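*Asks:* following is a predicted model, sequence given first.
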Amino acid sequence: MVLHSKVTPTEKRRRFREALAAPEIVRMPGAFNPLSARLIQDVGFEGVYISGAVLSADLGLPDIGLTTLTEVAGRGAQIARVTDLPTLIDADTGFGEPMNVARTVQVMEDAGISALHIEDQVNPKRCGHLDGKDVVDEATALRRIRAAVDARRDPELVIMARTDVRGVAGLRAATDRARALVDAGADAIFPEAMADLDEFAAMRAAVDVPILANMTEFGKSPLFTAAELESVGVNLVIHPVSLLRLAMGEAERSLRQLAAEGSLTNAVPRMQTRARLYELNEYADYARFDEEVFAFDVPGAADRTPREDAEPRRREHA
Ligand SMILES: C[C@](O)(C(=O)O)[C@H](CC(=O)O)C(=O)O
Ligand SMILES: [Mg+2]
C-alpha cells in the first residue's frame, strides 16, 4: 500500500454500495486511529467505522456534540487514506443547520470518506443509548437529509440517515420516521437503540434500503452475532467503540500492573510485538519503495543535468 491506499474514494464508495446490495452482512469495527484501521483490514473485515463517541473520548471529551466538523473530518481523512476499505463516518447531527449539513457532506467527500450518517437528534446530541435524548420534528429531520443529498457531488457517496426516534417515541414512530427519511433521499437507515431482533425485522420490512445494526456494548441493544443480524435482513453491522474499550481496558490493567510490580515484564506476552507493528505499518515495503526511487534511472537525464554539482542524494539503509 505504501504511503496511502491506492484505491480512489469513488472506487471505495462504489465497492461499499455493491457490498451493501449483496446478501452477506457488511462488518465494520470502529477504528480508534489509522493504525487500528490497518488492523481491521488485515484481519479481513469489509469496512471501517469512524465513531464520534471514539473521537470525543480520544480527546478526553464526553460525546455531547463538542467536536467540530474540522476535527471529525480531519480524523476521518487520516483513517480513510491508510485503508483500501470503505469508511463510514459518524457526522452526528451534521454540525448545524441544513446549510451546515450540506457543507459537512462536501468536506467528508474531500476527506475521502465513503459514507456518512446524519442523525435526527436535537443539538447538542448525546450517545444514542443514553436516556434523556431528544429528537427534532420530522420536517427538520427531512431537511437535513435533503440538504445532504443535494450537496453531494459524487453520486457514489452513501448518505445514511440515523433515527433516534425508537428510544424517544417507540418502534412504530421509528419505522414511520425511517420511511420518510428514505423518501427524502437517504440511501440507508441507521435505526438507533433497537431492543431486539424483531425490531430489526420490523425496520427491515418498513424500508427498502440497507439498514445498519449498532452493536455497541453497554447500550440498549443486546449483542447479536453477525449471522443473527443477517438472518433478519440487516445489511451492515458496526462495533463502534469496541476496539477503544478493549485497548483502554488493557491499558488500565497494565498500568496497574506497572504501578504494583515496577516493571511491565509480565505484560509483554500480551503486547503486540514490534515485528507485528512493523508489519502493519509496512516497514519493509517502505524500504523497498525507497530503494526503487533511488535506483530509478531516467534515460538521458544525466545529459540534461543543469548543474555539474547536482549529485543524487544518497540514503543509507539499515
Ligand atoms: C454509534 C455512536 O454514535 C458512535 O459515536 O460511535 C454511539 C456509540 C456509543 O456511544 O456507544 C451511539 O450513539 O450509539
Ligand atoms: Mg455518535
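*Replies:* That came in fine, so what should we check first? Numbers count the residues shown, from 1 in each chain. Ligands and ions are numbered 1, 2, ... in the order given.

*Asks:* check contacts around the closest residue to K220 other than its chain neighbours.
*Replies:* Leaving aside its sequence neighbours, K220 sits nearest to A193 (C-beta to C-beta, 6 or more residues apart in numbering; 4.2 Å). Glycine gets a C-beta too; all of them are placed from N, C-alpha and C. Residues counted as contacts of A193 (C-beta atoms under 8 Å, 6 or more residues apart in numbering) are 128-129, 164, 166-167, 214, 219-221.

*Asks:* give me the subset of those residues lying in strands.
*Replies:* Among the contacts of A193, the residues falling in strands (DSSP state E) are N214.

*Asks:* can you tell me which helix or strand the residue nearest to K220 belongs to?
*Replies:* Here A193, judged by DSSP states H and E, is contained in no helix and no strand.

*Asks:* can you give me phi and psi for it?
*Replies:* phi 60, psi 50 (degrees, to the nearest 10).

*Asks:* A57 and L244 touch, don't they?
*Replies:* Yes. The criterion here is C-beta atoms under 8 Å, and A57 meets it with L244 at 6.4 Å.

*Asks:* could you dump the contacts of A193 into TSV and include pLDDT and neighbour count?
*Replies:* Below are those laid out as TSV (pLDDT from 0 to 100; neighbours: other C-beta atoms under 10 Å):
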residue	pLDDT	neighbour count
G128	83	24
H129	83	18
D164	97	28
R166	97	25
G167	94	22
N214	98	24
G219	91	17
K220	88	16
S221	89	22
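
*Asks:* between the contacts of A193, which sits nearest ligand 2?
*Replies:* Nearest to ligand 2 out of the contacts of A193 is G128 (C-beta to the ion; 6.8 Å).

*Asks:* in contact with the residue of the stretch 201-318 of the chain found nearest ligand 2, which residues?
*Replies:* Residue nearest to ligand 2 within the stretch 201-318 of the chain: P240 (7.1 Å; C-beta to the ion). Applying C-beta under 8 Å, 6+ apart to P240 gives the contacts 30, 49, 51, 53-54, 90, 214, 216.

*Asks:* now do E138
*Replies:* Contacts of E138 (C-beta under 8 Å, 6+ apart): 177, 180.

*Asks:* against A184, how distant is it?
*Replies:* 10 Å (C-beta to C-beta, to the nearest Å).

*Asks:* give me phi/psi at I211?
*Replies:* phi -120, psi 150.

*Asks:* what is the burial count for it?
*Replies:* Around I211 there are 23 other residues, counting by other C-beta atoms under 10 Å.

*Asks:* can you check D63 too?
*Replies:* Neighbours of D63 (other C-beta under 10 Å): 22.

*Asks:* from memory it sits against V72, does it?
*Replies:* No. If you go by C-beta under 8 Å, D63 and V72 don't touch, sitting 11.6 Å apart.

*Asks:* find residues that contact each of these two.
*Replies:* Common neighbours of D63 and V72 are listed as G52 (criterion: C-beta under 8 Å, 6+ apart).

*Asks:* list the residues that contact D58.
*Replies:* D58 sits in contact with 32-33, 244, where contact means C-beta under 8 Å, 6+ apart.

*Asks:* tell me the confidence at it?
*Replies:* pLDDT recorded at D58 is 97.

*Asks:* what's the answer for the one 3 residues further on, then?
*Replies:* What the model reports as pLDDT for L61 is 97.

*Asks:* now it: how far from T68?
*Replies:* 11 Å.

*Asks:* neighbour count winner among these two?
*Replies:* Neighbour totals were compared for L61 and T68, and L61 leads with 13 against 10 (other C-beta under 10 Å).

*Asks:* can you count the residues close to M28?
*Replies:* Based on other C-beta under 10 Å, the number of other residues close to M28 is 25.

*Asks:* same check, this time on E192
*Replies:* 27.

*Asks:* residues in contact with it?
*Replies:* With C-beta under 8 Å, 6+ apart, E192 has these contacts: 119, 128-129, 162-164, 166-167, 214.

*Asks:* adding distance to M108, write the residues you listed out as a markdown table.
*Replies:* A markdown table is the format used below for the contacts of E192 (distance: C-beta to C-beta, whole Å):
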| residue | distance to M108 |
| --- | --- |
| E119 | 15 |
| G128 | 20 |
| H129 | 24 |
| R162 | 15 |
| T163 | 20 |
| D164 | 20 |
| R166 | 25 |
| G167 | 26 |
| N214 | 19 |
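
*Asks:* ok, and which of these reach ligand 1?
*Replies:* Among the contacts of E192, the ones lying near ligand 1 by C-beta under 6 Å from any ligand atom are 128-129, 214.

*Asks:* all strands of this protein, in order?
*Replies:* 26-29, 48-50, 87-90, 115-119, 158-163, 188-191, 212-214, 236-239.
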